[in-house]
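Need a 3D model of the following:
(2 chains)
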Amino acid sequence: MLRSHLTRLLEQAASGLQKDGRWPEGALPAFSVEISDDPSHGHLAANWPLVLARTLKRPPKQVAAELMAAVQVDPWFDHIEVAGAGFLNAFLAPQACAAAIEAVEAAGADYGKETAGSGERILVEFVSANPTGPLNVVSARAAAYGDALASLLTAAGHQVWREFYVNDAGTQVEALGKTVYYWLVKDQQAAVPFPEDGYKGDYVREIAQAFLAERGEQALFGLDQGAAISMLSQFAVDLIGRWRERDLLAYGVRFDRYFSEQQDLRAAGRVEAALAELERQGVLYSQDGARFMRTTAFGDDKDRVVVRKDNTPTYFAADVAYHWDKYSRGFDRLIDVLGPDHHGYLGRMRAAVAATGKPAESFEVVLVQWIRLLRQGELVAMSKREGDFVPIADFLKEVGVDSARFTFLLRSPDSPLDFDLALAVSESQENPVYYVQYAHARIASLLRQGAAAGSGDLLLLTEPEELLLARRLLSFPEELTHAAAARAPHHIAHYAMTLAQEFHAFYNRHRVLGVPEPLSLARRRLARAVGSVLKESLALLGVSAPDRM
RNA sequence: GCGCCUAUAGCUCAGUGGAUAGAGCACUGGCCUCCGGAGCCAGGAGCGCAGGUUCGAGUCCUGCUAGGCGCGCCA
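Residues are numbered from 1 along each chain as shown, chains lettered A, B, ... in the order given. Okay, here's the model as predicted:
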């Protein structure tokens, strides 16, 4: 909205020069408009003369002068000057401030958003941790990221579906069932040794106790060990699923669907169907008694087993079926948010997508790096199997939802993150999220005082700090679009920090109340607009914007 | 050995090929008889190493070093 405004203005000038025959016809190279960080460089800086110099075979400064001579007067800009090696620095006028406030007032909480339905149908799969224990704090980062990404994509006009894939089939779940069985029969004649691949966390005993409470000991009567374990596995998975849903809701994450590998894929015959389709395509072959998919034909670095020697389908086979199922539900684009341990898995998944004939770009994977959890500088082990991990519920109790989400979303998903629990708790009052929330609360407090009568005169907003706020507000729509396209919610977190900072600076230097009414009203409208965009930004991140703190 | 991610201030991290590289925390010094001091202003200190592309490189390319993760008929 803001940068494109300047882009258009300059392009019109260039097009005029081309029409007059002073510049050659044809497409001109693209250029960038940036928000200046040095006030002496204006509010915006364009580098077109630098880029054009080569095309036009003239020095950048001369190109700039020619361009400037042709540029039309625009109410948003006080003036535009040539600076440095050939930058164009644009300085905003009060008109722009008025335009910013009116734009935010007109759109409200939808400011900068695309209208729903104009984009793609996108399925975002995230968290999707094995259902063998309570959600680990490690999942908290992925949950915050996936949820915020989904919100961002919605704001960018896409139809977004949040999905959690429950891997409730396979050996890990069986190992969990065995462990529950161990606890149930521990003190009986039928006692078995602790399973070799068993889960050591205390929560497994809780599951055993819950089973006794809900089903009673008699539920196991007459079952052989295998059947009992199978029943216990199912019980455990269901219970853990309920724990997780509860924890995620407390964290502000609501999935549109928990997709069960066992029920929605295997029992529904989707895995066999997918395998049959692969057979039909002739991409399977037998070797060493197993059935392989020729994923190397689609760029993978080796072929992958889809049906084991014992005739059971692999996790990969189920995942092929799962992704095909997603496409069959009409989604244009699939985004998988995975942990970094899955990157070795990408090649075969891309192959699976290629086998559907879907365009390769329609399947995206975001690898969210681990957080390394420390406690007073000591690394906290994170093994679910060893039972040594921090459940998300405990973590949130210590750190708080807003603080946790904001901390995670301030970082790029690519960046490994060290998170010191002791530090996080002791400094929770110093968390950057409070800086942003404080700005919002401050604005709310301002607006509670002194009822506004009339609309004031927005053109009275001429102070440097007011123009900086106008610039920031006007750049929000582009910020949002960019963050969505880059799959980068952390840009929004940084934007909110910057907007809050610029508001605090304004507030400290200028009075909103107690100045002549037309100016006071105008400043209140500016403050309200800032508060509105702060709240919208925080909402995209799943963070609250309190009126009082 | 191969692949992916990472390396920026004392710490945790931003930085769509642009000008003098930023923020929070920590540290130092200032700032409301008045709208919320959870704030503002000022200060010190940094792009792992070596080449290359470019008018211009923290950003792109190559090599190296260090850390994380992966390379299973586990999921």
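
going forward, measure contacts and count neighbours with C-alpha atoms only.
Noted.

what's the distance between the residue most central in space within chain A and residue A:498?
Residue closest to the average C-alpha location in chain A (Cα atoms, centre = their mean): residue A:149, at 2.7 Å. For residue A:149, the distance to residue A:498 equals 20 Å [Cα to Cα, to the nearest Å].

Just confirm the residue nearest to the centre of chain A contacts residue A:488, I think it does.
Yes. Using Cα atoms under 8 Å, residue A:149 is in contact with residue A:488, at 7.2 Å.

Now do the shared contacts for those two.
Counting by Cα atoms under 8 Å, 6 or more residues apart in numbering, residue A:149 and residue A:488 have no shared contacts at all.

Which single residue in the stretch 351-500 of chain A comes nearest to RNA strand B?
RNA strand B sits closest to residue A:417 of the stretch 351-500 of chain A, with a gap of 2.6 Å, by Cα to the nearest atom of the strand.

Leaving aside the residues adjacent along the chain, what's closest to that residue?
residue A:371 (4.6 Å; Cα to Cα, 6 or more residues apart in numbering).

Number of residues surrounding the one you found?
Counted with other Cα atoms under 10 Å, the neighbours of residue A:371 add up to 19.

do the same with residue A:292
Residue A:292, neighbours per other Cα under 10 Å, totals 18.

next one: residue A:393
Counted by other Cα under 10 Å, the residues lying close to residue A:393 total 22.

so what's it up against?
Contacts of residue A:393 (Cα under 8 Å, 6+ apart): residue A:247.

and it, what pLDDT?
On pLDDT, residue A:393 comes in at 87.

and what of residue A:403?
pLDDT, read off for residue A:403, is 89.

Excluding chain neighbours, what is closest to it?
In space, residue A:403 comes closest to residue A:433 once its chain neighbours are excluded; the distance is 6.0 Å by Cα to Cα, 6+ apart.

what packs against the helix or strand in which the one you found is found?
Element membership for residue A:433 (DSSP states H and E) is helix A:432-448. Counting contacts by 3 or more Cα pairs under 8 Å, 6 or more residues apart in numbering; DSSP states H and E, helix A:432-448 packs against helix A:401-409, helix A:490-509, helix A:517-541.

Output it as CSV - backbone C-alpha positions only.
Extracted C-alpha coordinates of helix A:432-448, given in CSV (Å, rounded to 0.1, in the frame of the first residue of the first chain):
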residue,chain,number,x,y,z
PRO,A,432,9.2,-8.4,24.8
VAL,A,433,5.5,-9.4,24.6
TYR,A,434,4.8,-7.1,27.5
TYR,A,435,6.4,-4.2,25.6
VAL,A,436,3.8,-4.6,22.9
GLN,A,437,0.9,-5.3,25.2
TYR,A,438,1.9,-2.3,27.3
ALA,A,439,1.6,0.0,24.3
HIS,A,440,-1.8,-1.4,23.6
ALA,A,441,-2.9,-1.0,27.2
ARG,A,442,-1.6,2.5,27.3
ILE,A,443,-3.6,3.4,24.3
ALA,A,444,-6.7,1.8,25.7
SER,A,445,-6.2,3.8,28.9
LEU,A,446,-5.8,7.0,26.8
LEU,A,447,-9.0,6.3,25.0
ARG,A,448,-10.9,5.7,28.2
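
Tell me how many other residues surround residue A:328.
10.

Residue A:90 too?
23.

go on, residue A:405?
By other Cα under 10 Å, the residues close to residue A:405 number 24.

which residues touch the closest residue to it other than its chain neighbours?
Ranked by Cα to Cα, 6+ apart and with sequence neighbours excluded, the top spatial neighbour of residue A:405 is residue A:144, at 5.8 Å. Counting by Cα under 8 Å, 6+ apart, residue A:144 makes contact with A:253, A:405, A:408-409, A:541-542.

Quickly note the distance from the residue nearest to the centre of chain A to RNA strand B.
14 Å (Cα to the nearest atom of the strand, to the nearest Å).

can you check residue A:130 too?
From residue A:130 across to RNA strand B, the span is 5 Å (Cα to the nearest atom of the strand).

burial measure for the nearest residue to residue A:434 once chain neighbours are set aside, as a count.
Ranked by Cα to Cα, 6+ apart and with sequence neighbours excluded, the top spatial neighbour of residue A:434 is residue A:403, at 7.9 Å. Residues within reach of residue A:403, counting by other Cα under 10 Å, total 22.

now do residue A:449
Neighbour count for residue A:449, taken as other Cα under 10 Å: 9.

and if you look at residue A:395?
17.

so it makes contact with residue A:135?
No. Between residue A:395 and residue A:135 there is no contact, the gap being 10.5 Å when judged by Cα under 8 Å.
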